[in-house]
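**Q** Following is a predicted model, sequence given first.
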Amino acid sequence: MGADGLSELTESRFLDASRSAYDRLLNLISTRAAQVGVIGLGYVGLPLAVAIARAGFPVSGFDIEAQKVESLNNGQSYIEAVMSTALAGQVASGRFRATADFAELAVCDVIIICVPTPLTKNREPDLSFVRNTAGTIAKHLRLGQLIVLESTTYPGTTDDVIKPILEETGLQSKIDFFLGFSPEREDPGNRSFEVATIPKVVAGDGIEAATLVQAFYQGVVKTVVPVSTTATAEAVKLTENIFRSVNIALVNELKVVLGAMGIDIWEVIEAAKSKPFGYMPFYPGPGLGGHCVPIDPFYLTWKAREYELPTRFIELAAEINTAMPRHVVDELAKALDRRCGKALSRSRILIIGLAYKKNVPDIRESPSLRLIELIEEWGGKAEFHDPHVTEIPTTREHMAIKGRRSVELTETALKDFDAVVVATDHDAIDYQAIADHALLIVDTRNVFGRLGLAREMVVKA
């Protein structure tokens, strides 16, 4: 047989192996017999794992923290988006179990990666969690598995980072295993949506992978939105959060400009949103928090440098939003001086809300942490109250304030502080008590404007 004939025979065998693996996996997915592994049981992974189990698939949740694993296997959720009763039901049914034994990845037919993608101190993408997870999967990779990355990242990560690590095993994407990307779309604290009701963008490395990814998620969520490539799907998630970042920066800048003119930005937005077309309301605040909006834009700006392209608009938005905590503290200092005749350096300040958004315990990138640091840089003293966060955990960026605990919101406590800064508008806060007893209120969320409380002592910032 000639070289060309041997090549054709080899290619035919590859195609036969690929088709066999594809057909088997598609059948397992279609019948919900596919064993699913979800790596990372945090704000994204745990709700997803429970939703997949609820859809009828057997699910193994993988996490490196033994305490989390034990808690989950006892039916106890540590995330507000997942009720313990719902989790316990899936554990009791046998459809969900948590494990720290990553060797069990070998028996999984579908593996979903839900690990963090933070930034380094230099505001560059940190893919160490993704790389390490891909390396772990590679140790147990076998013929006929579907690997899906859900972690937010820059376009090209699935092809340029995940794929080469997995192919170092000698197995090939599109032939021996299948690779896809589907960006997470969690919105912590939003009770109007859950995993199953949020449309899911999906893509695969090749036609077979794309079909498998689409088939799998169609079994879990109501609406699946396929796109042409994994890089496109990666860009979709970045675009969604850059859109939010830029628009929030716009209203934050308008807040400063219009405030200097004596115009209330909240009143302006309320009137503007009456327009039934061409306008979408965004709201100012003390800064941006959470894992997505403050971080995701930098993944695209970093990738753009590879193409020698500027991202001035995106970077300017980040600068504006990052500057908001300092603006709030400047307004606090002015209000203390003008209304109370007291310097910030001699004042005790109570921050209301440590979490980055209302009704959640998530403090990642929370501007409240920066507010505390800035107040104390001025020489003042800062404490916080948050019904969802009892203590400031250890973080690499805010080591000086770790371990501080939420103070009780009492009449005596409120009167002991020189000012109260509302940074997060949790529903569980007693705003009437703050209005009745606080000496000065700096409101970054327009809570007191919305409630019509104590306007004479409230400063909007």
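**A** All right, it came through fine.
**Q** only C-alpha atoms for contact and neighbour calcs from this point on.
**A** OK.
**Q** what's the neighbour count on Arg339?
**A** By other Cα atoms under 10 Å, the residues close to Arg339 number 11.
**Q** Quick check: it is in a helix.
**A** Yes: under DSSP: H, G, I helix; E, B strand; the rest coil, Arg339 sits within a helix.
**Q** Roughly how far does it sit from Pro199?
**A** Distance from Arg339 to Pro199, counting by Cα to Cα, to the nearest Å: 50 Å.
**Q** Just the element for Gly449, please.
**A** Element membership of Gly449 [criterion: DSSP states H and E] is helix 447-451.
**Q** After that helix, which helix or strand is next?
**A** Taking DSSP H and E, what comes next after helix 447-451 is strand 458-460.
**Q** gap between stretch 436-449 and the chain center?
**A** The chain centroid and the centroid of stretch 436-449 are separated by 28 Å, computed with Cα atoms, centre = their mean, to the nearest Å.
**Q** CA atoms only: put it into CSV for me.
**A** Extracted C-alpha coordinates of stretch 436-449, given in CSV (Å, rounded to 0.1, in the frame of the first residue of the first chain):
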residue,chain,number,x,y,z
ASP,A,436,-34.2,58.3,63.2
HIS,A,437,-30.9,58.0,64.9
ALA,A,438,-28.0,58.7,62.5
LEU,A,439,-26.4,62.2,62.8
LEU,A,440,-25.4,62.3,59.1
ILE,A,441,-26.2,59.9,56.2
VAL,A,442,-24.2,59.7,53.0
ASP,A,443,-26.4,57.7,50.5
THR,A,444,-24.7,56.2,47.5
ARG,A,445,-27.8,54.2,46.4
ASN,A,446,-30.6,56.7,46.7
VAL,A,447,-32.3,54.5,49.3
PHE,A,448,-33.6,57.4,51.3
GLY,A,449,-34.7,59.3,48.2
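**Q** Return the set of buried residues in it.
**A** 437-448 (16 or more other Cα atoms under 10 Å).
**Q** Check stretch 27-38 too.
**A** Of the residues in stretch 27-38, those buried (16+ other Cα under 10 Å) are 28-29, 32, 34-38.
**Q** can you tell me the distance between the two ends of stretch 216-234?
**A** Counting by Cα to Cα, you get 18 Å between the two ends of stretch 216-234.
**Q** average pLDDT for that stretch?
**A** In this model, stretch 216-234 carries a mean pLDDT of 98.
**Q** Kindly report the same for stretch 330-348.
**A** Mean predicted confidence for stretch 330-348 is 95.
**Q** so where's this protein uncertain?
**A** Across the chain, the ranges flagged by pLDDT under 70 are 1-18, 454.
**Q** in it, which spans are strands?
**A** Assigned by DSSP state E, the chain shows strands spanning 36-39, 59-62, 96-99, 110-113, 146-149, 178-181, 200-204, 224-226, 348-352, 381-385, 419-422, 441-443, 458-460.
**Q** The third one pairs with which strands?
**A** For strand 96-99, the paired strands and their directions (DSSP bridges) are strand 59-62 (parallel).
**Q** what about dumping the CA coordinates of the strand it pairs with to CSV?
**A** Extracted C-alpha coordinates of strand 59-62, given in CSV (Å, rounded to 0.1, in the frame of the first residue of the first chain):
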residue,chain,number,x,y,z
VAL,A,59,-23.8,14.8,38.9
SER,A,60,-20.5,14.8,40.7
GLY,A,61,-19.4,18.1,42.1
PHE,A,62,-15.6,18.5,42.5
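**Q** contacts for that strand?
**A** 35-41, 46, 49, 52-53, 69, 95-102 (Cα atoms under 8 Å, 6 or more residues apart in numbering).
**Q** Check stretch 331-346 too.
**A** Stretch 331-346 has contacts (Cα under 8 Å, 6+ apart) with 375-376, 378-381, 418-419, 440, 442, 459, 461.
**Q** make it 6 Å
**A** Outside stretch 331-346, the residues that touch it by Cα atoms under 6 Å, 6 or more residues apart in numbering are 378-380.
**Q** I'd like the distance from that stretch to the chain centre, please.
**A** Its chain's C-alpha centre and that of stretch 331-346 lie 36 Å apart, by Cα atoms, centre = their mean.
**Q** List the buried residues of it.
**A** The neighbour-count check on stretch 331-346 (16+ other Cα under 10 Å) flags 331-336, 343-344 as buried.
**Q** contacting residues around Asp362?
**A** Asp362 makes contacts with Ala355, as judged by Cα under 6 Å, 6+ apart.
**Q** remind me, longest helix of this protein?
**A** Longest helix of the chain, by residue count under DSSP state H: helix 230-260.
**Q** angle of it against strand 200-204?
**A** Between the axes of helix 230-260 and strand 200-204, defined by axes from the mean of the first three to the mean of the last three Cα atoms, to 10 degrees, the angle is 140 degrees.
**Q** elements contacting helix 230-260?
**A** helix 312-335 (3 or more Cα pairs under 6 Å, 6 or more residues apart in numbering; DSSP states H and E).
**Q** ok, now with 7 Å
**A** Contacts defined by 3 or more Cα pairs under 7 Å, 6 or more residues apart in numbering; DSSP states H and E place helix 230-260 against strand 178-181, strand 200-204, helix 296-305, helix 312-335.
**Q** just those: most buried one?
**A** strand 178-181 (a mean of 29; mean count of other Cα atoms under 10 Å).
**Q** now for that one, which elements pack on it?
**A** Here strand 178-181 touches strand 146-149, strand 200-204, helix 207-218, helix 230-260, going by 3+ Cα pairs under 7 Å, 6+ apart.
**Q** Show the subsequent helix or strand relative to the shortest one.
**A** Secondary structure here is assigned by DSSP H and E; on that basis, the next helix or strand after strand 146-149 toward the C-terminus is helix 157.
**Q** Relative to the whole chain's centre, how far out is that next one?
**A** Its chain's C-alpha centre and that of helix 157 lie 18 Å apart, by Cα atoms, centre = their mean.
**Q** And stretch 285-300, by the same measure?
**A** So, by Cα atoms, centre = their mean, the centroid of stretch 285-300 is 9 Å from its chain's centroid.
**Q** who's in contact with it?
**A** Residues outside stretch 285-300 that contact it (Cα atoms under 7 Å, 6 or more residues apart in numbering): 118-119, 123-125, 153-154, 238, 241-242, 244-245, 252, 314, 321-322, 324-325, 328, 356, 363-367, 423, 444-445.
**Q** cool, stretch 133-152 as well?
**A** Residues from elsewhere that reach stretch 133-152 (Cα under 7 Å, 6+ apart): 21-22, 25, 103, 105-106, 109-117, 162, 165-166, 169, 176-184, 237.
**Q** So what's the gap between that stretch and the chain middle?
**A** 21 Å.
**Q** Also stretch 122-129?
**A** 15 Å.
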